[in-house]
Each structure stands twice: as structure tokens, then as C-alpha cells.
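Undergrad: I would like to see how this sequence folds:
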Amino acid sequence: MRCVFLIVLIAAAAPAGQDTLKQVESRALELRSRGDAAGSLAEWEKAEKLAPKSANIQDQIGFLLAVLNRQQEAIGRFETSIALDAKFAPAHYHLGVACWLAGNRERAVRELQAAMKLDPGNRDYHLYLGKAFNSIGLDRQNSGDLAGALDIYRQAVEADPSNLDARNNLGFMLVNTGHPEEGVGQFRKILDAD
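TA: As a prediction, this is how the structure comes out:
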């Protein structure tokens, strides 16, 4: 009886001649792995018709739109993904990267921080947030805002302790703002890592 029920469910899930969601997603991932962004996008758009409320599908579509240099559409898809599931870390990460590339640094940092908070074990989230903070720190340093730069470099190192450029900039800023011992401590950590 149980087998008959499962067969009925499977038949109901995919009408004759129509692929299942799993089949469409599998094809989309295969095309993406082969570097066919346009083909993969077409498959994800088919998947969207089968599961319009999927945060993952919206994020996948957004990622491919970004790859195809359709940035504003990509941002819209990442926002839709987050609206469907506010705890979906990949969409926050991708939105953060897209906002960074679009020049919206403030929003980028917020989204990257959200991704890192939701999935603290994801190394990519730490790396990109650390790079973003380091870049902002350099801007503040170059504009003469040494206190602001110092604060941002601390955040860069906190986000990604392995970012030696950020750690070096933090050490340099500490020395130049009257904290030489703490600065030398940062330089020692660089030497230990190197």
C-alpha cells in the first residue's frame, strides 16, 4: 500500500513529460559547473516555475545574472531571496558582494556582516568582509581620518585574522597613533603567520 501511495505522489509531482524540480536543478548545476552561465540560468528559471518561493533558486538566479553582468537584476533576485528567507546566508553574501561592486559600501558591509553572523564557519564570508573593511580603512587613512581608519582596520582583522594586509595596516596605524607596543604586536603576528 505504501509503495502505491509513493508512486501516486511521484506521478502527481511531475506530470508526464515534465521534469521534476530535482532534475531541473541537477541540470542547472551541471551547466554552471561547465561554465555555461546562460544555460544554467535558463534551467534555474524553469526551476523557479516549479518552486517560486525558494530562496535558494532566487539566489542561484541572482548569482548567474551577476555573472552575466546584469547587476541590477541580480541585486533584485538576492533581495527576493532574503525576503523569502531572511536567514539564508548565501543571499546576504551575494547581495553584499553585488552592492560592493555597485559602489554601495555601507549596504555591502551590512549584508556581508549578516552573512557572517548567519554562517560564522564560512571562510569566504570572513575573507570578503575583511577585504571590504581593509579597503574602507585605506580610504579613511588616505583622507586623514586616522582614528576612523584604526577602528576599521581592527574590524578587518577581527573579521579575517588571516588578512595580513589588514593586520599590517592596523599595526602601522597603531604605531602612528601612539600605540607602538600594540602595533609591534600586530607585526609579530604577521611574522608568525609568515
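
Undergrad: the top helix by length along the chain packs against which elements?
TA: Longest helix of the chain, by residue count under DSSP state H: helix 123-142. For helix 123-142, the elements it packs on are helix 89-101, helix 105-118, helix 146-159, helix 164-176, judged by 3 or more Cβ pairs under 8 Å, 6 or more residues apart in numbering; DSSP states H and E. C-betas here are computed from N, CA, C, even on glycine.

Undergrad: packing partners for the last one?
TA: Using 3+ Cβ pairs under 8 Å, 6+ apart as the contact criterion, the neighbours of helix 164-176 among helices and strands are helix 123-142, helix 146-159, helix 180-193.

Undergrad: only alpha carbons, please: show the longest helix of the chain as CSV.
TA: This file holds the C-alpha atoms of helix 123-142, laid out as CSV (Å, rounded to 0.1, in the frame of the first residue of the first chain):
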residue,chain,number,x,y,z
ARG,A,123,35.6,31.2,5.3
ASP,A,124,34.6,33.1,2.2
TYR,A,125,32.3,35.4,4.2
HIS,A,126,35.2,36.3,6.6
LEU,A,127,37.6,36.9,3.7
TYR,A,128,35.4,39.2,1.7
LEU,A,129,34.3,41.2,4.8
GLY,A,130,37.9,41.6,5.9
LYS,A,131,38.8,42.8,2.4
ALA,A,132,35.9,45.3,2.4
PHE,A,133,36.9,46.7,5.8
ASN,A,134,40.6,46.9,4.8
SER,A,135,39.6,48.9,1.7
ILE,A,136,37.4,51.3,3.7
GLY,A,137,40.3,51.6,6.2
LEU,A,138,42.7,52.6,3.4
ASP,A,139,40.2,55.3,2.2
ARG,A,140,39.9,56.7,5.7
GLN,A,141,43.6,56.7,6.2
ASN,A,142,44.2,58.5,2.9
